[in-house]
Structures are given as C-alpha cells and as structure tokens.
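# sequence and predicted model, in that order:
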Amino acid sequence: MLTSRFGIEIEFTGITRNEAARVAAEYLCGTITSIGDYYDTKKVIAPDGRVWKLMSDGSISCQKRNGRRKVTATREYSVELVSPILTYREDIECLQELVRRLRKAGAFANASCGIHIHLDGSNHTPRSIRNFINIIASKNDLFYKALQIAPERMSYCKKMDSILVDKMNRRKPKTMRAIEEIWYEGYSESRDRHYHNSRYHFLNLHSFFTGNHTVELRGFNSELHAGKIRSYVVLALALNHQALTQKCASAKKPQTENEKFAMRTYLNRIGFIGEEFANCREHLTAHLNGSAAWRFRAA
C-alpha cells in the first residue's frame, strides 16, 4: 500500500513565496533559484538533486496576519508548495517537518486553499482505472463529509459525475483509449488544454491522459497540520492500492446509518490497521456522526 510514488501540492497563504522558499531551503539545505515565469516559481534544489517548487496559484485568496486578525494581502502571499516525487517510508517525515516549519514561519491555509495528491499511474490498467472511478463514486458522500470540503472549493473538486460513472459501467471499456474517450465526452475544449474543465473533480484523470500520467486526488482542504496531511497521503495511497489490487469495484453507495462506524471499518479494510495509523483513523472519522465502535445504537 505504501510503496507507490506520489507527489503533493499544498496551497497556503500568510507568508510570501520568497519567505516560503527561504524556509524550505533552510530546512532542506538547498539552494533557491527564481525562474521568472508567469507563476513566479521559486525552485529549492535539495542536495539529493530533487526540486521543491514554491509558486503562485490564482485560486488562492491571499491573506496575512495583522496582530490577531487576518487581512487581505497582495499576490505575493499566494503560495503553492509542489513536492518532487516522494515515497512514503523515505519522505513522509521530511514532508511533515517542512510543513511544521512553514506553519511556524506564519503560513496558514484558508477556505480557498486545497491539497492535491498525484499518484504514479504507471501500474494502472483499464480495469484498475474503472475500479478507481467506482470506488470514489461509491464513497462520494462519506468522503466529502469526512474531509469537510469547503463550499468555496466545490467548483475545483466536484463529486464524481454520475453520468460518467454510468457510461463506464454500461460500456465496460477494455482499453485506456476507450476510457479516455468516455472521460472527455461532452467537453468541447481541446484535450491538450492544461486547465481542462474535466480536471476539477475529486478524481482527476486529465492528468493521467495528458502530461504527468498521474492519477490526481483533489478532494482535500489545505492544512498545515502535519498529522492531517499524513492521513491524506495514506488515504490516497490506500485508495490507489485498492483500485490496483481489487478484482472489481461497485459504484453502488453503501448504507451508512452510522457514518463513523462505516468509515472506520472501510479504512481498516483498505489497510489502516494497527497503532501506526491510529491518528490517521482519528483524523478521517472526526467529523462523522455515530459511533466508531458499534454499528447499531442499540448495541
């Protein structure tokens, strides 16, 4: 479950891109290079050669602290941290500590900020991609409540399109080309467009069919809480592993009369077992109703 490679994008404000780059370079013992592009990208090149980017994002509502208040700030305070390719066992502690240092420097996330996790798509097959679509579709409501996706961000991470899901399960495409054709049906814009409208869903396959060949999960509010970010990464990796290894997956929504119990048992089923993931389970069930211990209230 934890062996797949991933990348993460974390949006925040509160400090400038220059300040964020300085914090990252100091922690990573790296050097800063300014590209001077449209996104005012700052590259932090670590001693291992990997590049961490701090860049602007137009969707962020920029703020800074003025005493105890948060006030409107200039676009210098729009920051998106883009990681290099990471692996969980080797890099999660480094990622968490970098997040802690950015937070200590004054960075914070607001309702306009999101987290996007890109998963290596090299091992995916037509079957596993269809599995991924059905897994997300079946858990749409539970995930959106558990992750408390801000209304301000819903246009950037819509729920799985029920028409798309129906087409996938009715036609049962056997090739990536056939899946791609269904994914882009109904859109008039060019598929080569980076900001294609199909990308703004919890599960984004536009990044899989173009460019990076990654499966992107966009359904996370941004956080500078290291433990919550770890839980999001583990959830993304577990969902990816389930899609890759399960023989088939249904898009049917399960009955969830007890949301917290349903989420806990689902997390256990996909690999959140043991003390290592206790905090992850706690973060991912905190906003759900019911009891994690008992399915029925009578018990």
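Arrived safely, thanks for sending.
# just the helices in this protein please.
17-28, 88-104, 126-138, 140-146, 162-171, 176-184, 206-209, 226-245, 259-269, 278-285 (DSSP state H).
# those helices into JSON lines, with extra columns for mean neighbour count?
The way it works is simple: take the backbone N, C-alpha and C, and place the C-beta from them, glycine included. As requested, those are exported to JSON lines (neighbours: other CB atoms under 10 Å):
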{"stretch": "helix 17-28", "mean neighbour count": "20"}
{"stretch": "helix 88-104", "mean neighbour count": "16"}
{"stretch": "helix 126-138", "mean neighbour count": "21"}
{"stretch": "helix 140-146", "mean neighbour count": "18"}
{"stretch": "helix 162-171", "mean neighbour count": "15"}
{"stretch": "helix 176-184", "mean neighbour count": "17"}
{"stretch": "helix 206-209", "mean neighbour count": "20"}
{"stretch": "helix 226-245", "mean neighbour count": "21"}
{"stretch": "helix 259-269", "mean neighbour count": "19"}
{"stretch": "helix 278-285", "mean neighbour count": "18"}
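# among these, which is nearest residue 3?
Among the helices of the chain, helix 88-104 comes nearest to residue 3, with 7.7 Å by CB to CB.
# returning to what we had before: got JSON lines for the helices of the chain, with mean pLDDT too?
Conversion of the helices of the chain to JSON lines gives the following (pLDDT from 0 to 100):
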{"stretch": "helix 17-28", "mean pLDDT": "98"}
{"stretch": "helix 88-104", "mean pLDDT": "98"}
{"stretch": "helix 126-138", "mean pLDDT": "97"}
{"stretch": "helix 140-146", "mean pLDDT": "93"}
{"stretch": "helix 162-171", "mean pLDDT": "95"}
{"stretch": "helix 176-184", "mean pLDDT": "97"}
{"stretch": "helix 206-209", "mean pLDDT": "95"}
{"stretch": "helix 226-245", "mean pLDDT": "98"}
{"stretch": "helix 259-269", "mean pLDDT": "93"}
{"stretch": "helix 278-285", "mean pLDDT": "96"}
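# where's residue 151 relative to residue 129, distance?
Residue 151 sits 29 Å away from residue 129, going by CB to CB, to the nearest Å.
# do I have it right that residue 210 meets residue 191?
Yes. Under the criterion of CB atoms under 8 Å, residue 210 makes contact with residue 191 at 6.6 Å.
# first to last residue in stretch 276-289, what's the distance?
From the first residue to the last, stretch 276-289 extends over 24 Å; the measure is CA to CA, to the nearest Å.
# from here on, count from 58
Okay, using 58 as the starting number, the last item reads as stretch 333-346.
# touching it from outside, list them.
Applying CB atoms under 8 Å, 6 or more residues apart in numbering, the contact partners of stretch 333-346 are 199, 202-205, 284-285, 287-288, 291-292, 315-317, 320-321, 324, 328-329, 349.
# could you redo the last one with a cut-off of 10 Å?
Residues from elsewhere that reach stretch 333-346 (CB atoms under 10 Å, 6 or more residues apart in numbering): 59, 199-200, 202-205, 280, 282, 284-292, 295, 313-321, 323-325, 328-331, 349.
# repeat for stretch 310-321
With CB under 10 Å, 6+ apart as the test, stretch 310-321 has contacts from 194-200, 202-203, 322-323, 329, 338-339, 341-354.
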